[in-house]
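Colleague: Provided below for reference: sequence and predicted model.
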Amino acid sequence: MYIRLLIVPIILLIIAGLLLFGIIYNSIRLIRHKAKRRHIIGLAVSVSIALVITYGFTLGFEAFKVQHVEFESADLPASFHDYKIVMFTDAHVGNFAGRRQWMVRRAVDSINAQHPDAIVFCGDIENTDPAELKPFAGVLSSLRARDGVFSVLGNHDYSLYKHDISQETMRKLNEQTIQAERSFGWHLLMNETAIIRRGGDSIVIAGEENGGHKPFPCYADAAKTMAGINDSSFVVMLQHDPSAWRRQVLPQTNAQLTLSGHTHAGQVSIFGWSPTSLIYEENCGAYRQGDRMLYVSSGLGGIVPFRIDFPGEIVVITLKKK
């Protein structure tokens, strides 16, 4: 598992090395007046790619947006018309340590500025270690919503990516992550539900544990999560991995709205195309099956602090009575 985290950084280092070599080699040829047309073109291409990569690690990663989405359902109780849920996911706060801590504060301030009825976090609060959360405890504890903050675990929150540790150590680290989220005042749902009431009406916030394909962990339990929930209830399902939507959420639950992250939308857009769309059928944005919807957010952070044309985001979801 640990090796998988190194794949993207290694690829980027190789590309950076090749670019540096190309720039130096072609520059020397140009200085010595021995450059041919191919050397000039090579230098121009190398410099252009280097500038794009530099942008991705700096301004591209620091870009941010607030996305607005509406979900209309006949099953929504009338008391919850215009109910506002603010979603964020894939914070990977370890990459915001040091000089980039302001980016987490910006996201939290933007969430609170929406005056949400509920806030939901859809997993991957850390990269590899719960110790990453300590510098951000204060700011993450300052999230405010009328009905509270609800969260689920993502694949990175199970301490699976720590190198060469025992199962017991992994279990203890996972427990530290769980306790940290709860210490923020968040309602962490681990195959559980929470009921939100407005007078005689109610909606359900359901939270499954990660439900991914191998090598990602699959601890989701739909039967346990939905135990005691009436089939006529309006359910918002939090599930980190969007691949679980068709595989499990649709056939095994009555959740009308499912919110996920995990993909980061590849953190790169190439003329509107995302490389992770080759892997995930539901990669980014809204997907519908009849009257039911999945929304996949591109997330807030990333394993590698690099983004091009897919800025970090929070998503404001307004529920509408159909």
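Modeller: Cool, got the structure. Numbers count the residues shown, from 1 in each chain.

Colleague: and F306, what element?
Modeller: Of the helices and strands defined by DSSP states H and E, none includes F306.

Colleague: How about it, nearest residue that isn't a chain neighbour?
Modeller: Closest residue in space to F306, ignoring its immediate chain neighbours: G56 at 4.6 Å, by Cβ to Cβ, 6 or more residues apart in numbering. (Each C-beta comes from the backbone N, C-alpha and C, glycine too.)

Colleague: Below-threshold pLDDT in this structure: ranges please.
Modeller: 1-16, 18-19, 21-23, 25-26, 29-30, 32-35, 37, 39-40, 42-43 (pLDDT under 70).

Colleague: same thing but at 50, please
Modeller: 1-6 (pLDDT under 50).

Colleague: Based on its surroundings, how many neighbours for the residue lying closest to Y161 once chain neighbours are set aside?
Modeller: Of all residues not flanking Y161 in the chain, T128 sits nearest, at 4.6 Å (Cβ to Cβ, 6+ apart). Residues within reach of T128, counting by other Cβ atoms under 10 Å, total 19.

Colleague: ditto for G261
Modeller: 30.

Colleague: just L173 next, same as before
Modeller: Using other Cβ under 10 Å, L173 has 21 neighbouring residues.

Colleague: isn't it right up against K162?
Modeller: Yes: the pair L173 / K162 is scored as a contact, 6.7 Å apart, by Cβ atoms under 8 Å.

Colleague: which neighbours do these two share?
Modeller: D129 (Cβ atoms under 8 Å, 6 or more residues apart in numbering).

Colleague: can you pull out the helices in the stretch 101-250 of the chain?
Modeller: 101-113, 137-141, 167-183, 222-225, 244, 250-252 (DSSP state H, counting those that start in this stretch).

Colleague: give the contact list for I279.
Modeller: Counting by Cβ under 8 Å, 6+ apart, I279 has contacts T263.

Colleague: And it, how close does it get to H264?
Modeller: 11 Å (Cβ to Cβ, to the nearest Å).

Colleague: Looks like the residue nearest to F306 contacts D309 (just checking).
Modeller: No: counting by Cβ under 8 Å, G56 sits too far from D309 to count as a contact (9.3 Å).

Colleague: who has more neighbours, these two?
Modeller: Set G56 next to D309 and count neighbours by other Cβ under 10 Å: G56 wins out with 19 against 16.

Colleague: Can you give me the distance of that one to I314?
Modeller: G56 is 21 Å from I314, by Cβ to Cβ.

Colleague: Skipping adjacent residues, who's closest to I85 in space?
Modeller: Once flanking residues are discounted, I85 sits nearest to I317: 4.5 Å by Cβ to Cβ, 6+ apart.

Colleague: Need the three-state assignment for the one you found.
Modeller: strand (DSSP: H, G, I helix; E, B strand; the rest coil).

Colleague: which residues sit in contact with it?
Modeller: I317 neighbours (Cβ under 8 Å, 6+ apart): V69, E70, F71, K84, I85, V86, M87, L257, L259, Y295.

Colleague: Among these, which one has the most neighbours?
Modeller: Counting neighbours by other Cβ under 10 Å, the top entry in the contacts of I317 is L259, with 29 neighbours.

Colleague: then the helix or strand in which that one is found to PDB, C-alphas only?
Modeller: Using DSSP H and E, L259 falls within strand 257-260. Output of strand 257-260 as PDB, limited to C-alpha atoms (Å, rounded to 0.1, in the frame of the first residue of the first chain):
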ATOM      1  CA  LEU A 257     -28.700  11.300  -2.500                       C
ATOM      2  CA  THR A 258     -25.200   9.900  -2.200                       C
ATOM      3  CA  LEU A 259     -22.100  12.100  -1.600                       C
ATOM      4  CA  SER A 260     -18.600  10.900  -2.400                       C
END
